[in-house]
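In: need a 3D model of the sequence below.
(2 chains)
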Amino acid sequence: MKLRVRVNGEWREDDVPPRLLLVHWLRESLSLTGTHIGCETSVCGACTVHLDGEPVKSCTLFAVQADGRELTTIEGLAPAEGLHPVQVGFWEEHGLQCGYCTPGMIMSCAALLARNQAPDDAEIRHALEGNVCRCTGYQQIVDAVQHAARIVRGEA
Amino acid sequence: MKAVKPVMIGERIKRREDPRLIRGLASYTDDLKLHGMLHAAFVRSDHAAGRILEVDAARARQRDGVVGVFTYDDLRGRVGRSPCTAILPGMNDAPHPLLADGFVRYVGQPIAVVVARERYLARDAALDVDVEIDPLPAVVDPERALEAGAPLVYPELGTNVCWHQQPEPNPELERLFVEAAGVVKLRLLNQRVAPVPMEGRAVLAHFEEGPGKLTVWTSTQTPHGVKQQIAICLGLPEIRVRVIAPEVGGGFGCKIPAYPEECLLGFVSRSLRRPVKWAETRTENLMNTTHGRGHVEYVEAAYGADGTVLALRGKSIVEVGGYASMLGAAIPTFTHLLACGPYGIRAVSWEIVDVYTNTMATEAYRGAGRPEAAYIAERVMDEVALRTGLDRVEVRRRNLLPADAFPYTTPTGAVYDSGNYAATLGKALARFDYAAACRERDAARAQGRLVGIGLATFTEICGLGPSTGASALSRHGTWESAEVRVEPTGNVTVLTGVSPHGQGQETAFAQMVSDAFGIGIDDVSVVHGDTDVVPHGVGTFGSRGLVVGGTALRMATDKILVKARRIAAHLLKLPEERVSFEDGSFRGGEIALGFRDVAMAAHLWNDPVPGEEPGLEAVARFEPPGTTFPFGVHFCRVEVDPDTGELEIQRFVSVDDVGNVINPLLADGQRLGGIVQGLGQALCEEVRYDESGQLLTATLMDYAMPRAAMFPRIELDSTCTPTPLNPLGAKGIGELGTIGSTPCLVSAVLDALRPLGVTHLDMPLTPHRLWQAMRAAEARS
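Out: Numbering: from 1, shown residues only, chains lettered A, B, ... in the order given. Okay, the predicted model is just below:
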């Protein structure tokens, strides 16, 4: 099936089998391997990308479902030479260890901050319900989001 | 060159690994792509036990795009067994073939591997392989497996016992039991859990015909170990095998062993002369990546009227699973070794029965035998408090080893290096404000609320050594290696034998070198995980990365400083003893030479130093003279909803002692992650099989992982008792959190429910289980 998606600001066209999962299209056809596969069941959030600005699990969407839409992956979250405030927060607060869940985590956290620039800890933890991290115990991720929120609010 | 301030040991600096990870630019194994690369998929057993009648791959082979299908018949006589390096004395060893040979013994056992041009095709074709299995009765429960007439996992052994450690006769222990004021008897379950690294296992094997060399990229904690096992299994000289651990997305023990799939992909690549990749699905990960724990423990504790625990008698019945994984059978020996915890228990008798069952193999899982030991000791302490009417803290106080006891040899033969348990307990009591917490709990109880306080005082074992206990099968001891190469510019490359996968040693080791040589941290590169590049090393597990690998690095930088000082003395035309090294400069009187000047002189060599070779590099290996024993005290407060059984953790305080810390930011990360992982076991995690051996927790929709909203902000504090066993004074940190937090939470929940008459609980403490326990207690009263 023909497919045309604006990925990280650039229109990409392809002809893909209907069953091809979005995450495999990103990783294998476009070589955007920053989006990871963690569970194949929409539970862990490692594959989170933004579709028309909303966080979605790319492991349970078909590539063709993205046709005609705007898609952002971790590689396109910030300009090439810069970092998104959430990326800064994760780095500063040690919000990651093995890094595997991190791109999906960052995409989910960026979506949270887009709708709420002053979340409290409980709101952050609630927003992470769809993302699993095995390394950090989440606390430094909460700190990372608070750090990012301060940047977004112009306080840091 | 602009002077850059070095980073010192003990500074809280952010990680150098992160820029690639936060931008999605890191390369995990499944991110790699080679020209002509094929994809593998496994055909796995649907039955926990059975005889294979037929494996018919004809349909699969005919499918367009399929390049090959391999079954045991293709391997017969050409490859060895699946590697197991911990074959204990007297163990009933059972060979585990890379692909099932006639029989299957657990669900998911690999039967065939299908290789195709493309990932989806390989999975389609795997479904085309027709496998006919005549099912046999399975045994899942380890105690049932020991009963007469139980189905045998390996009929040829005549028993399901994999290994049996008989307790030695112990008259002192018998006497203490006779003299005791009372005896606590407990049956404790330490349920089977899944490690669930967020990146599952993934392997890319590439046999290059020209050099006759097999390169295997694999998500492992032990690249050198995997290299050796692949070489042995495939009958290749090890110099023709290279293993690379690229970015690795977590391990937690399950990526220590070499797996059948790693060897098989090497075999397939060599057979097809093409690169072949496989990345497991989460279901494969939950089903066929090793599990952890899986202990049933019977314990009897003799105690005195004053609440001191005199002696322990126990038995660990351990699910080894369908085959003995690399370390699996040896894990309970740590439970035995650490049975006394931080307490002055005078005699211990421990029996271990490792049992084959028709389930996936168990292996090391963060803590590996020590969480089980801490769980036993803490449950015993709480019971003794209950029986003697003493406060739980007071009972521990009366049993903790005094600060002047170290070094201390336990009755189980462990030699505790250093400690001051009472000081850590004191700090934790103050931080948690135990007295106030008890008053608040009692006030809440008076209102009918189910509030509980839990605690755990524990010690553990890190940085295993010396190597005298090493198995010949592993082909290396418990040491670790480091190589430090100083470039002519004075920049430094560190090659380490440890294989970090989230721990942050690229930062911590660079920090150590920056501190040692007085150079900027960005002028240090840390390389790991490539067996063709780094000196033979052991890997990252058992909280040994910094303790053993970091000490090797310190030894290497020390060697370099010795030589650099000699070179500096020559250049300064001074006797060596008059040259000192401080703040990155070699000084003799008024003159100073920077580290970089000496590095350049060492390479330029136009002013040769008599008796020395040109260059500036060193290799060191640290052989630990003994193991370190970090310790800690955890407190928590919980509340249980009397109607639903839902559990809320309201406070968690952790005061730990890991000796000296290189980077507190990374140390906090290890502790926080470990605590939540241990709480996950206590709260929600459990691998469950049904009676026929079918896995009921085969996706993350069924296997409950700890999530962010389940936890409050964890409060960390510490004390510092450096170890005398290594020059860093560091004790190890990776597993500590997991060891204390599990018993702490169970202690709190039991405390909360005791007013209702609940006297015993087994993990995981799900709302359903708590609800059942409350209703059962009500029915009894």
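
In: got the residues of the stretch 51-200 of chain B near chain A?
Out: Neighbours of chain A within the stretch 51-200 of chain B, by Cβ under 8 Å from any Cβ of the partner chain: B:119-120, B:196-199. Quick note: C-beta positions are derived from backbone N, CA and C, even for glycine.

In: let's go with 7 Å and repeat that
Out: Residues of the stretch 51-200 of chain B lying close to chain A (Cβ under 7 Å from any Cβ of the partner chain) are B:196-199.

In: and those residues as JSON lines, adding secondary structure and pLDDT?
Out: Below are those laid out as JSON lines (DSSP: H, G, I helix; E, B strand; the rest coil; pLDDT from 0 to 100):
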{"residue": "B:196", "secondary structure": "coil", "pLDDT": "98"}
{"residue": "B:197", "secondary structure": "coil", "pLDDT": "98"}
{"residue": "B:198", "secondary structure": "coil", "pLDDT": "98"}
{"residue": "B:199", "secondary structure": "coil", "pLDDT": "98"}
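
In: in TSV: those, plus neighbour count and distance to residue A:61.
Out: Output for these, formatted as TSV (neighbours: other Cβ atoms under 10 Å in any protein chain shown; distance: Cβ to Cβ, whole Å):
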residue	neighbour count	distance to residue A:61
B:196	25	23
B:197	26	24
B:198	30	20
B:199	29	21
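
In: dump these to a markdown table, plus distance to residue B:462.
Out: Listed next are those as a markdown table, based on distance: Cβ to Cβ, whole Å:
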| residue | distance to residue B:462 |
| --- | --- |
| B:196 | 23 |
| B:197 | 20 |
| B:198 | 24 |
| B:199 | 25 |
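
In: and the residue of chain A closest to chain B?
Out: Relative to chain B, the nearest point of chain A is residue A:34 (1.8 Å; Cβ to the nearest Cβ).

In: that residue: how many residues sit nearby?
Out: 26 (other Cβ atoms under 10 Å in any protein chain shown).

In: and for the one 5 residues further on?
Out: Summarising burial for residue A:39: neighbours were counted as other Cβ under 10 Å, giving 27.

In: quick one: it from residue B:701, how far?
Out: Residue A:39 sits 8 Å away from residue B:701, going by Cβ to Cβ, to the nearest Å.

In: try residue A:144
Out: Computed as Cβ to Cβ, the residue A:144 to residue B:701 distance reads 27 Å.

In: these two - which one has more neighbours?
Out: Higher neighbour count among residue A:144 and residue B:701: residue A:144, with 29 against 12, using other Cβ under 10 Å.

In: who's in contact with that one?
Out: Applying Cβ atoms under 7 Å, 6 or more residues apart in numbering or on different chains to residue A:144 gives the contacts A:89-90, A:93, A:95.

In: out of these, which are close to chain B?
Out: residue A:90.

In: now that we have the contacts of residue A:144, which one has the most neighbours?
Out: residue A:90 (31 neighbours).

In: make sure that one is indeed in a helix.
Out: Yes: counting by DSSP: H, G, I helix; E, B strand; the rest coil, residue A:90 is found in a helix.

In: what's the pLDDT at the residue of chain A positioned farthest from its centre?
Out: Residue farthest from the centre of chain A, counting by Cα atoms, centre = their mean, is residue A:1 at 25.8 Å. Looking at residue A:1, its pLDDT is 95.

In: which residue, neighbours along the chain excluded, lies closest to residue B:437?
Out: Nearest residue to residue B:437 in three dimensions, chain neighbours excluded: residue B:453, at 5.5 Å (Cβ to Cβ, 6 or more residues apart in numbering or on different chains).

In: show the average pLDDT along the host helix or strand of that neighbour.
Out: For residue B:453, the host element (DSSP states H and E) is strand B:450-459. For strand B:450-459, mean pLDDT is 98.

In: domain parsing of chain A, as residue ranges.
Out: A:2-76, A:85-152 (automatic domain parsing).

In: return the most buried member of these.
Out: Neighbour counts (mean count of other Cβ atoms under 10 Å in any protein chain shown) averaged over each of these peak at domain A:85-152, with a mean of 23.

In: quick one: mean pLDDT over it.
Out: Confidence over domain A:85-152, taken as the mean pLDDT, stands at 98.

In: tell me where chain A has helices.
Out: Applying DSSP state H to chain A gives helices spanning A:22-24, A:85-92, A:102-115, A:121-127, A:139-152.

In: how many other residues sit next to the residue nearest to residue B:437?
Out: 22.

In: likewise for residue B:141?
Out: For residue B:141, the neighbour count with other Cβ under 10 Å is 17.

In: measure it to chain A for me?
Out: Taking Cβ to the nearest Cβ, to the nearest Å as the measure, residue B:141 falls 28 Å from chain A.

In: ok, now residue B:206?
Out: For residue B:206, the distance to chain A - Cβ to the nearest Cβ - is 18 Å.

In: next: residue B:591.
Out: Applying Cβ to the nearest Cβ, the value for residue B:591 to chain A is 41 Å.

In: is it true that that residue touches residue B:573?
Out: No: counting by Cβ atoms under 7 Å, residue B:591 stays clear of residue B:573, with 9.2 Å between them.

In: and those two? Which one has more around it.
Out: For residue B:591 and residue B:573, the more surrounded residue by other Cβ under 10 Å is residue B:591, and the numbers stand at 14 against 8.

In: what's opposite that one in the beta bridge?
Out: Residues in a beta bridge with residue B:591, per DSSP bridges, are residue B:588.

In: roughly how far does it sit from residue B:179?
Out: Separation of residue B:591 from residue B:179 (Cβ to Cβ): 73 Å.

In: can you check residue B:321 too?
Out: Separation of residue B:321 from residue B:179 (Cβ to Cβ): 41 Å.

In: the more surrounded of those two?
Out: Using other Cβ under 10 Å as the criterion, residue B:321 and residue B:179 rank with residue B:321 on top: 28 against 11.

In: quick check, pLDDT for that one.
Out: Per-residue confidence at residue B:321 stands at 97 (pLDDT).

In: how many residues are close by the closest residue to it other than its chain neighbours?
Out: The shortest distance from residue B:321 to any non-neighbouring residue, by Cβ to Cβ, 6+ apart, is to residue B:361 (3.8 Å). Using other Cβ under 10 Å, the number of residues around residue B:361 comes to 29.

In: residues touching residue B:361, list them.
Out: Taking Cβ under 7 Å, 6+ apart, we find residue B:361 in contact with B:290, B:320-325, B:328.

In: got it, and residue B:160?
Out: By Cβ under 7 Å, 6+ apart, the contact set of residue B:160 is B:139, B:145-146, B:150, B:152-153, B:355-356.

In: and residue B:195, by the same measure?
Out: Applying Cβ under 7 Å, 6+ apart to residue B:195 gives the contacts B:252-254, B:289, B:292, B:365.

In: closest one of these to residue B:765?
Out: Closest approach to residue B:765 among the contacts of residue B:195 (Cβ to Cβ): residue B:292, at 18.0 Å.

In: so that closest one sits against residue B:256, correct?
Out: No: taking Cβ under 7 Å as the definition, residue B:292 is not a contact partner of residue B:256, at 11.0 Å.

In: of these two, who's got more company?
Out: Taking neighbours as other Cβ under 10 Å, residue B:292 and residue B:256 compare with residue B:292 leading, 30 against 25.

In: confidence score at that one?
Out: Turning to residue B:292, the model gives it a pLDDT of 98.

In: mind listing what it touches?
Out: Contacts of residue B:292 by Cβ under 7 Å, 6+ apart are B:193, B:195, B:253, B:362-363, B:365.

In: swap in 10 Å and give it another go.
Out: Residues in contact with residue B:292 (Cβ atoms under 10 Å, 6 or more residues apart in numbering or on different chains) are B:190-195, B:252-254, B:328, B:331, B:362-369, B:371-372, B:681, B:685, B:687, B:738.

In: can you put the helices of chain A in TSV and add distance to residue B:271?
Out: Converted to TSV, the helices of chain A look like this (distance: least, Cβ to Cβ, whole Å):
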stretch	distance to residue B:271
helix A:22-24	27
helix A:85-92	43
helix A:102-115	36
helix A:121-127	49
helix A:139-152	44
